[in-house]
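**Q** 3D, please:
(one chain, ligands or ions: 3)
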Amino acid sequence: MTILIQQPEFGVEAEETKVPADEKDLVLDGGFVVPQINSFGQTFRDYDAESQRQEGVESFYRTNHINQTYGFVKKMREEYGKLDRVEMSIWECCELLNEVVDESDPDLDEPQIEHLLQTAEAIRKDYPNEDWLHLTGLIHDLGKVLLLPSFGELPQWAVVGDTFPVGCSFDESIVHHKYFKENPDYNNPTYNTKYGVYAEGCGLNNVMMSWGHDDYMYLVAKENQTTLPSAALFIIRYHSFYALHRSEAYKHLMNEEDVENLKWLQIFNKYDLYSKSKVRIDVEKVKPYYLSLIEKYFPSKLKW
Ligand SMILES: O[C@H]1[C@H](O)[C@@H](O)[C@H](O)[C@@H](O)[C@H]1O
Ligand SMILES: [Fe+2]
Ligand SMILES: [Fe+2]
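**A** Ligands and ions are numbered 1, 2, ... in the order given. This is a model prediction of the structure:
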């Protein structure tokens, strides 16, 4: 059963709601107002703007791009695909994210649980009937628990940041692309061509993505037999794949189902990105609603 509760005011600061008439495109489908600047006074996802986060974020991407190789991803998928580390519910996992801060993110330095709720609540406001999409918002970043000791305490470069395919060439549109020159796959002829180890239209499902919270959470949801629709799994696995959903790179690897699912990912992405703010959600108030969704789409305990 899905419990309906009154929705708290979603945090859009006063001046952000005054969008000039000629900038109407900044208002999303259901009325969500896209803020024009992040909490640090910069435009969103500006990886070159001088800000208190710029240097740390760039050094994060340097390490990430050097170390995410085809061989590394294969090893991590095999290891984490066993799901033999922890048993817990989805909500318990959300609470663990209280401890986690993401070093790759130029737009947010709040604990991750805030981001999960901000994303889910922003979607709920504009798409009240798509409960699966609210839950997708809540869980999309849960894979960041990989940073915690009981999940192997992986370094940030192996957990967060934008993702990209490995096993074929790294597209120029990927953030801080220059650092791939030091990745061993960059000069390996098996992996450095347009198709690399893949074939045209093979389907993203057959493509190995750089390892991190997205692919891990996708494996967790799928292997624990979630009843969420395929668009939800698609969103979870590719939400950090900006080269695809923003720059339209790698489309030659997509199949028909991917093309359909990409439409939902593009909707989702606006809420994931632009709901990031310093305005906190009252966790206890919204908790009953999300618990009811978790019960609808997941078993009570999952293998992680
Ligand atoms: O810094 C962010 C953050 O780690 C997000 O969770 C991820 O989905 C983004 O793509 C990434 O760039
Ligand atoms: Fe993410
Ligand atoms: Fe996110």
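
**Q** what residue lies at the spatial centre of the chain?
**A** Note on the chain: the residue nearest the mean C-alpha position is His239, at 4.1 Å, using CA atoms, centre = their mean.

**Q** show me which residues of the stretch 151-300 of the chain sit near ligand 3.
**A** With CB under 5 Å from the ion as the criterion, the stretch 151-300 of the chain meets ligand 3 at residues Asp272. (Each C-beta comes from the backbone N, C-alpha and C, glycine too.)

**Q** try 8 Å this time
**A** His239, Ser240, Asp272, Leu273 (CB under 8 Å from the ion).

**Q** tell me which two of these sit farthest apart.
**A** Using CB to CB, these span at most 10.8 Å, a distance reached by Ser240 and Leu273.

**Q** is any part of stretch 106-116 close to ligand 1?
**A** No: Stretch 106-116 stays clear of ligand 1 (CB under 6 Å from any ligand atom), getting no nearer than 7.2 Å.

**Q** now that stretch: mean pLDDT?
**A** When pLDDT is averaged over stretch 106-116, the result is 89.

**Q** return it as PDB; C-alpha atoms alone will do.
**A** Taking Å, rounded to 0.1, in the frame of the first residue of the first chain, the C-alpha atoms of stretch 106-116 are listed here in PDB:
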ATOM      1  CA  PRO A 106      31.400  20.900  -7.800                       C
ATOM      2  CA  ASP A 107      27.900  21.700  -6.700                       C
ATOM      3  CA  LEU A 108      27.300  20.000  -3.400                       C
ATOM      4  CA  ASP A 109      29.200  19.400  -0.200                       C
ATOM      5  CA  GLU A 110      26.200  18.200   2.000                       C
ATOM      6  CA  PRO A 111      25.900  14.700   3.300                       C
ATOM      7  CA  GLN A 112      24.400  12.400   0.600                       C
ATOM      8  CA  ILE A 113      21.200  11.600   2.300                       C
ATOM      9  CA  GLU A 114      20.100  15.200   1.800                       C
ATOM     10  CA  HIS A 115      20.800  14.900  -1.900                       C
ATOM     11  CA  LEU A 116      18.700  11.700  -2.200                       C
END
